[in-house]
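Enquirer: Just the structure for this:
(one chain, ligands or ions: 1)
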Amino acid sequence: MRVPRLGVGLQFNPALIGWFPFFEQSLDAIEVLFDSVMAPLDGPGLMLPSVTDMIREVATRFPITGHSNYGGDFGFDDLASTAAVRRHVPLAKRLRVPWVSNHCFYSDTSWSNVWSSPLQFSRAEVERLALRARALQTFYGVPLAHENAAYYRTCPGSGMPEEEFLARLLERSGTYLHLDLHNLYANAQNHHRSGYSIARFLDTIPLDRVICVHMAGGRWINEQYHDLHDTQVPEAVWDLLDDVLSRANPGAVILEYEAEALRCGSETLDTARTIDGILADLDRGRTAWDRAYGHASRRTIQEEAA
Ligand SMILES: [Fe+2]
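Expert: Below you'll find the model as predicted:
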């Protein structure tokens, strides 16, 4: 399957809508979170009426990629009954996304509060999930890329390193990877005592199957590092980006921020300062991309040149 090269973009997170000037930016891509725009499963609609016009406007201005958190992709419900198949697949076709990424954690239709519930890194789950991932990618008809998660505890029953699990999964499923570099960084902070190694992770996964990269920030709370997307991207994660761009060939680098970014380390909202921080990160991301692939490889540059 072919993956277009877009460049550096931003996640269209509902937490940013209303204060971040998306439409004033020259973004190479926008990543839409399907969960935040899909209509309820017990209704007839595909998209929430309240966001339809806004998404249409986004689509006229930027190339869109799709991301799924709560589709039940890796859960235990029959795949055909999941939000992934009933809403995300038709949304992906409506928005004509070049690929879809999904998060490597469990959920089902009865329980979607699954953030940071890591998959069980086991041989049995490689087999079960590979069948599911292959079938879901066929439904989408475009590459499906699995995002490595940040997690705070390992799932009971895990018997192999995460990177080996992902490599085996892709071998069997024919799907792709969405590499979140801040999730790697967060896991390295929290699991270094149990031997977690970013270098080993990157040497083990098939880098040629990485089709998108996520960048974000986070912070320490009570001796645990949290993937909160509430700060600028840390220096160490920028270093990882340079390394990965030199060894992989992703279609986009997407920056992620949450509303908490407004706090900037305090409880006082400071929108202007947060916008400046996001724009500075975007600039830095574009500089890294151009250093690796050249100015003309980014979509906005091509369009401006045309
Ligand atoms: Fe991410």
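
Enquirer: ranges for the helices of the stretch 201-306 of the chain?
Expert: Taking DSSP state H, counting those that start in this stretch, the helices of the stretch 201-306 of the chain run over residues 235-247, 271-293, 299-305.

Enquirer: averaging pLDDT over each of these, which comes out lowest?
Expert: With a mean of 69, helix 299-305 has the lowest mean pLDDT of the helices of the stretch 201-306 of the chain.

Enquirer: Looking at the stretch 51-200 of the chain, which residue is nearest the ion?
Expert: For the stretch 51-200 of the chain, the residue positioned closest to the ion under Cβ to the ion is residue 180, at a distance of 3.8 Å. Where C-beta positions appear, they are placed from N, C-alpha and C, glycine not excepted.

Enquirer: Show me which residues of the stretch 151-300 of the chain sit near the ion.
Expert: With the criterion set to Cβ under 5 Å from the ion, the stretch 151-300 of the chain comes near the ion through 180, 214.

Enquirer: does residue 67 sit in a helix, a strand or a coil?
Expert: Assigned by DSSP: H, G, I helix; E, B strand; the rest coil, the conformation of residue 67 is strand.

Enquirer: Burial check on it, number of neighbours?
Expert: Neighbouring residues of residue 67 were enumerated by other Cβ atoms under 10 Å; the total is 27.

Enquirer: next one: residue 298
Expert: Here the neighbour count serves as a burial measure; for residue 298 (other Cβ under 10 Å) it reads 24.

Enquirer: quick one, what contacts it?
Expert: 6, 7, 8, 28, 286, 289, 290 (Cβ atoms under 8 Å, 6 or more residues apart in numbering).

Enquirer: Name the nearest of those residues relative to the ion.
Expert: residue 8 (14.8 Å).

Enquirer: Let me know how buried that closest one is, in neighbour terms.
Expert: Using other Cβ under 10 Å as the criterion, residue 8 is surrounded by 27 other residues.

Enquirer: For it, which residues are in contact?
Expert: Contacts were defined as Cβ under 8 Å, 6+ apart; by that measure residue 8 touches 27, 28, 29, 252, 253, 254, 255, 282, 285, 286, 289, 298.

Enquirer: In these, find the pair that's most separated.
Expert: 255 and 298 (14.3 Å; Cβ to Cβ).

Enquirer: What ranges does the stretch 51-200 of the chain have for its strands?
Expert: 64-68, 100-103, 144-147, 176-180 (DSSP state E, counting those that start in this stretch).

Enquirer: tell me what the third one is packed against?
Expert: Using 3 or more Cβ pairs under 8 Å, 6 or more residues apart in numbering; DSSP states H and E as the contact definition, the elements that strand 144-147 packs against are strand 100-103, helix 123-140, helix 162-173, strand 176-180, strand 210-215.

Enquirer: Select, out of these, the one closest to residue 196.
Expert: Nearest to residue 196, of the helices and strands packed on strand 144-147 and by Cβ to Cβ, is helix 162-173 at 8.1 Å.

Enquirer: and the closest residue to the ion within the stretch 201-306 of the chain, how many neighbours?
Expert: Per Cβ to the ion, residue 214 is where the stretch 201-306 of the chain lies closest to the ion, at 3.5 Å. Burial measure for residue 214: 24 neighbouring residues, criterion other Cβ under 10 Å.
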